[in-house]
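> how would this look folded up:
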Amino acid sequence: MDRLLSMRVFQKVIDEDGFAAAARTLDMSPAGVTRLVTDLEQHLGTRLIQRTTRKLALTGAGEAYLLRVRNILSEVDDAEAAAGHSASELQGVVQVVAPALFANYFLATQMSRWLAKYPKVAIHLHEDPFPQNRVEEFDVTFMVVNDSFDASVVARAIARTDYVMCASPDYLRRRGTPDRPMDLQGHQYLRFPWQATSGHGLRHLRLSRLDGSEQAVDVPMQVVFQAESYHTLFTAAVNGAGVAALPKYPASDYFNDGTLVHLLPEWIFDRYTVYVALPTRKLIPARTRAFLDFAAEMVLRPLGPVTSGQSPLDPPALTAN
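Numbering: from 1, shown residues only. As a prediction, the model looks like this:
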């Protein structure tokens, strides 16, 4: 058995979510892909994948093995690239996980620039609203967390943004425009399900003064719609479903064209930092280092120059946790 080939096939089956899809990607027969994975399981003496008629699921052993396989194959690919190519000819795959909003507004918009610079390095992007729980599974993790977040991960801050209250002009004509936080009580709330550590409760909305001059105010709210996708919340807010706490960028684009109104501009829902995190492996492939450098630049690129006041996405000094 070609152990390395079996590892690659196993990883591809998981990444493509199926034996047939992996076979198409690898230009192999489905029977050949199945045989290699079965041979690998027999060699290891354990089941890696639970097979059903509808989907695949990793076993506990499979999850642990996949994590090690990704590390091994990454180092093999990097060694081959270093032996046969210059740094300007990096190749391979960078496995990335990020919240959908960050993936849509930052990563997707900059992929043409990345591929123009590194045409042989593919980015495999996975979306997760809470990627901070999966740092060890990927080469690069982008997470957006507030100051209450505390985890032992290798990370650096690359940007900071405020989350502000928004609603459409049509909704405000129907329900009225709030002048102070408690005026929001009784409004329809479009909620992102923040994790418990964020301090934001299920039935209240916490707002703080932008300048930090007063204690935070908790406003009882009626949650009428909840979604783990900020793109979905933006769509609901623009179409008049209620008020939502949304990141100032890209919400500022909606403010500028009049499709959303920035409510209570002296108050913020919270201030969040964008971190890029790495698994605790010792070796970082050259392609991953190149992507990290690219990421730090691309986060700010969509904003253009800052002319006055605070940028919607204000970059702090790079730090390491």
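
> for the stretch 51-200 of the chain, what spans make up the strands?
56-58, 92-98, 121-127, 140-146, 154-167, 188-191 (DSSP state E, counting those that start in this stretch).

> export those to CSV and tack on mean neighbour count?
Any C-beta I mention is one placed from the backbone N, CA and C, and that applies to glycine too. Formatted as CSV, the strands of the stretch 51-200 of the chain follow (neighbours: other Cβ atoms under 10 Å):
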stretch, mean neighbour count
strand 56-58, 14
strand 92-98, 22
strand 121-127, 17
strand 140-146, 23
strand 154-167, 22
strand 188-191, 22
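
> for L44, which of the ones you listed is the nearest?
Across these, L44 has its closest neighbour in strand 56-58 (13.4 Å, Cβ to Cβ).

> for that closest one, the distance to its chain's centre please.
22 Å (Cα atoms, centre = their mean, to the nearest Å).

> averaged pLDDT, that strand. What do you get?
On average, the pLDDT along strand 56-58 is 86.

> what's the answer for stretch 116-129, then?
Rounded mean pLDDT across stretch 116-129 is 91.

> adding distance to R68, write the strands of the stretch 51-200 of the chain out as JSON lines.
Below are the strands of the stretch 51-200 of the chain laid out as JSON lines (distance: least, Cβ to Cβ, whole Å):
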{"stretch": "strand 56-58", "distance to R68": "13"}
{"stretch": "strand 92-98", "distance to R68": "14"}
{"stretch": "strand 121-127", "distance to R68": "18"}
{"stretch": "strand 140-146", "distance to R68": "18"}
{"stretch": "strand 154-167", "distance to R68": "18"}
{"stretch": "strand 188-191", "distance to R68": "38"}
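
> between the ones you listed, which one is nearest to L207?
Among the strands of the stretch 51-200 of the chain, strand 154-167 comes nearest to L207, with 7.3 Å by Cβ to Cβ.

> what packs against the lowest-mean-pLDDT helix or strand in the chain?
Here the helix or strand of the chain ranked lowest by mean pLDDT, DSSP states H and E is helix 60-84, holding a mean of 78. Secondary-structure packing of helix 60-84 (3 or more Cβ pairs under 8 Å, 6 or more residues apart in numbering; DSSP states H and E): helix 3-16, strand 92-98, helix 286-298.

> could you identify which of those is most buried?
Burial of the helices and strands packed on helix 60-84 is given as mean neighbour count (mean count of other Cβ atoms under 10 Å); strand 92-98 ranks first at a mean of 22.

> tilt between that one and helix 60-84?
Relative orientation of strand 92-98 versus helix 60-84 (axes from the mean of the first three to the mean of the last three Cα atoms, to 10 degrees): 130 degrees.

> pLDDT on strand 92-98, on average?
For strand 92-98, mean pLDDT is 90.

> how many degrees apart are that strand and strand 121-127 in direction?
Counting by the same axes, to 10 degrees, strand 92-98 lies at 20 degrees to strand 121-127.

> sheet-wise, list the partners of strand 92-98 with their directions.
With DSSP bridges as the test, strand 92-98 is paired with strand 121-127 (parallel), strand 140-146 (parallel).
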